[in-house]
Every structure is written in C-alpha cells, then in structure tokens.
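Student: I'll drop the sequence and a predicted model, then ask my questions.
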Amino acid sequence: MNHVYGPYIDSEDKLENAVRAFQVSRLVLTAVELGVFPAVGENGADAGTVTERLGTDARATAMLLNALVAIGLLAKDGAFFRCTPLSAEMLCRVAPCFVLPMLEHMGHLWESWSHLTEIVRGGSLPVRIEEPACREDQVESFIGAMHHFGLRQQGPFVQAIDWTGVRHVLDLGGGSGVYAISFCRAAPCLTATVFDRASVVRLARRYIEEAGLTARIRVLAGDMLADDIGSGYDLVWLSNVIHSMAREDVAVLFRKVAGALNPGGRFVVRDFVLEDDRTRPAPGAVFALNMLVNTPAGRCYTRSELAELLKAAGLVDPCLQTVEADTATRLMIAHKS
C-alpha cells in the first residue's frame, strides 16, 4: 500500500485543494470520535434520534449529518439518514474491521500536528506532546491501526525475504505481531519471537491466539534499548521503529541486534528510508514531520546514515531494497559475517 499525501502541488488549484483538504479530514474524524455511524445504526435514523443518542447539539448534529451525506459516507431519504455500504462496513463499531482504530489514531495525530507551527518556531513544545503509541489510553487504537496497516502490507514483504535457512525470527518492536504471524504462515517450519513493551505484548498475545499460532510465536516484554532481546535468531525484522529514535539510540539498538543474530543471520530494517537529499521519497519527507511533532528526537534516516550505522554495529553488505507494492517505506538489509 502506498502512502498518499495528496497530489504534487504544481498549480494554484492543487494548492487550494491541498489546503482545504483538512476540512473533510476533520469532518470524518469528528464523526468517528462522536460515534455518528453507530448512532445512525443499521436501520438508519433521523437527525433528532441521532442527536438524542449522541447527546449533542441538534443544529450542529444536523449540519454534520448533511455534510457526511455530501461526501458520500451517509445517504439521505427525506429526513432519514442511513449508512452507505462503505460506512456500514468500515465505521460502525459492530463491524470487525480495523479501519476504525486507524481513524481513531489519526484523530490523535491531529492533536499533535496542530502544534507544527509552534514546534518549527521553537524546536519543541514547552510541554512535550507524548507520542500516541506511548499514551496508555491510546495504545489499543494505535496497535489496532498498525495491525490494520500490517494486514494490508504484509504480503509483498513476506515475499521479498529469502527464507532459506531461517528457523527463528525476532519481530523487534513487533506491535500486534502481525508480521510474525505472516512470516510463520508463509514458512511452516518457522518459529518467532515478538518483543515489545508490556502494554503492547498484552495485545499481541490476543492477536497471536486469534491466529492460532501460540505454539510457534512467543512474546517478550521489555525495553528494547535497556533489556535483553534474546539471541539465536536467524533473522531480525524491525519494522517502522527507528524513525521514533535518536541516532545514538539507533546505534545502540543495531549493536544489540548484531549480538543477537546467529552467524550468517540477517537484519532487515523496514522504514521510511530517505535518499541523501532528504526530499525523496515524498511520503518519507512528510512523515519526518510526523516524528517532529510526536517524538523528542525522531526522524527519517537516509540510506547512507543507515548503512553507516549498520556497518558500525559490525554488520556487513548493507543494501537498500524497494518493495514495489509500498514505495513509501523500503528495506535496509545487512548480514552478520
């Protein structure tokens, strides 16, 4: 899945459309935060009923419902509102779909991105915004969102890895365990370990149990910089983690990974890897700002920076690999000699 941040802005019309895009985004996020779609329900409702169910203002709620009709997420027949097939499937809490937690996570990011101007002026906020992934009240929606993304993206990455000789994988900072699950399904002889913080591992166990893979996937809880991550791994997979870390922490982590790998083992880093001019790929350059507003020292690293860090950790032959299905993030692969 490619990350889309809108068209390349090369005309007045595109500039205006890009600047106005926040209005539709805020409309959808507000509807999700209020629970509008479950309030409309499977059978539909008029504005008064939705207002009563939500405990909101009648005039404002009616305007919100009409705007949702205008953008295609609700349908209207007289005074009666109904969910469309898309919103009924994706945005009602009764639906078993991970789009909803993804949108909830985007709502959390809205808060931090709102401080971008202040952060660029001063370098940081007087009171640092806490990264959504670290806020205990948001962990479940964040991990649910990442699981949703992983389900959509995992196929090409599984295929991109040579599984020859790989018996034990470490999914480091593995979140829900979606990649460990995918790897084990692709390679029947594989076992995996998912390492993450205790609050995340609690959720990972649930996803692993639902996948029926508790016998092949174990979980370890801890701080990847401070705690033992285990050893004896043929492959370590690190997906979308280092962009939240300072360079010195990345160096520490890479050295730990090198020590945890078996001889000949591989380290696969998936992230928003930038070209050395830091403007390409475009999604990575934009995502770097997401780290600016959400972390104290996060950033997107360039291919040269990652190659240098991997070599300094004692790993050899670092190379960049693009997976065609996802041109936003790329793989940096290195080996232990």
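Tutor: Okay, I see it.
Student: Neighbours of the nearest residue to residue 69 once chain neighbours are set aside, how many?
Tutor: Spatial nearest neighbour of residue 69, chain neighbours left out: residue 76 (4.6 Å); criterion: CB to CB, 6 or more residues apart in numbering. The way it works is simple: take the backbone N, C-alpha and C, and place the C-beta from them, glycine included. Residues lying near residue 76 (other CB atoms under 10 Å) number 16.
Student: and the gap between residue 76 and residue 70?
Tutor: In this view, residue 76 and residue 70 are 9 Å apart by CB to CB, to the nearest Å.
Student: does the nearest residue to residue 84 once chain neighbours are set aside sit in a helix or strand, and which one?
Tutor: Computed as CB to CB, 6+ apart, the closest residue to residue 84 that is not its neighbour in sequence is residue 75, at 5.6 Å. Assigned by DSSP states H and E, residue 75 belongs to strand 74-77.
Student: So which elements touch that strand?
Tutor: Where contact means 3 or more CB pairs under 8 Å, 6 or more residues apart in numbering; DSSP states H and E, strand 74-77 is packed against helix 58-70, strand 80-83.
Student: model confidence over it, on average?
Tutor: Predicted confidence along strand 74-77 averages 98 (mean pLDDT).
Student: List the buried residues of it.
Tutor: 74-76 (16 or more other CB atoms under 10 Å).
Student: Kindly export that strand (C-alpha atoms) in CSV.
Tutor: Provided in CSV are the C-alpha atoms of strand 74-77 (Å, rounded to 0.1, in the frame of the first residue of the first chain):
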residue,chain,number,x,y,z
LEU,A,74,-24.1,8.7,4.6
ALA,A,75,-27.2,8.6,2.4
LYS,A,76,-30.4,10.7,3.0
ASP,A,77,-34.0,9.9,2.2
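Student: so what strands line up beside it?
Tutor: strand 80-83 (antiparallel) (DSSP bridges).
Student: Relative to the whole chain's centre, how far out is stretch 256-275?
Tutor: 20 Å (CA atoms, centre = their mean, to the nearest Å).
Student: same thing with stretch 74-83?
Tutor: 33 Å.
Student: what's next to that stretch, contact-wise?
Tutor: 37, 40-42, 44-47, 50, 65-66, 68-69, 73, 84, 87, 91-92 (CB atoms under 8 Å, 6 or more residues apart in numbering).
Student: Can you flag the buried ones in the residues you listed?
Tutor: Among these, the ones that count as buried by 16+ other CB under 10 Å are 37, 40-41, 44-47, 50, 65, 68, 73, 84, 87, 91-92.
Student: got any ranges where the stretch 1-150 of the chain has weak pLDDT?
Tutor: In the prediction, the stretch 1-150 of the chain carries residues with pLDDT under 70 at positions 1-7, 93-98, 125-138.
Student: Which parts of it are helices?
Tutor: 12-34, 36-40, 47-54, 58-70, 85-90, 99-113, 116-122, 139-160 (DSSP state H, counting those that start in this stretch).
Student: Is there a neighbour count for residue 105? I'd like the number.
Tutor: 22.
Student: Give me the distance between it and residue 328.
Tutor: 17 Å.
Student: Now the two most distant members of the buried ones among the contacts of stretch 74-83.
Tutor: Using CB to CB, the buried ones among the contacts of stretch 74-83 span at most 19.1 Å, a distance reached by 46 and 91.
Student: Give me the most central residue, the protein.
Tutor: In the chain, the residue lying closest to the centroid (CA atoms, centre = their mean) is residue 146, at 4.0 Å.
Student: quick one: contacts for that one?
Tutor: Each residue near residue 146 by CB under 8 Å, 6+ apart is listed here: 175-176, 178, 240.
Student: before we move on, what about residue 323?
Tutor: Taking CB under 8 Å, 6+ apart, one finds 156-157, 160, 329-331 in contact with residue 323.
Student: could I get these as a markdown table with distance to residue 169?
Tutor: Converted to a markdown table, the contacts of residue 323 look like this (distance: CB to CB, whole Å):
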| residue | distance to residue 169 |
| --- | --- |
| 156 | 17 |
| 157 | 12 |
| 160 | 14 |
| 329 | 19 |
| 330 | 20 |
| 331 | 15 |
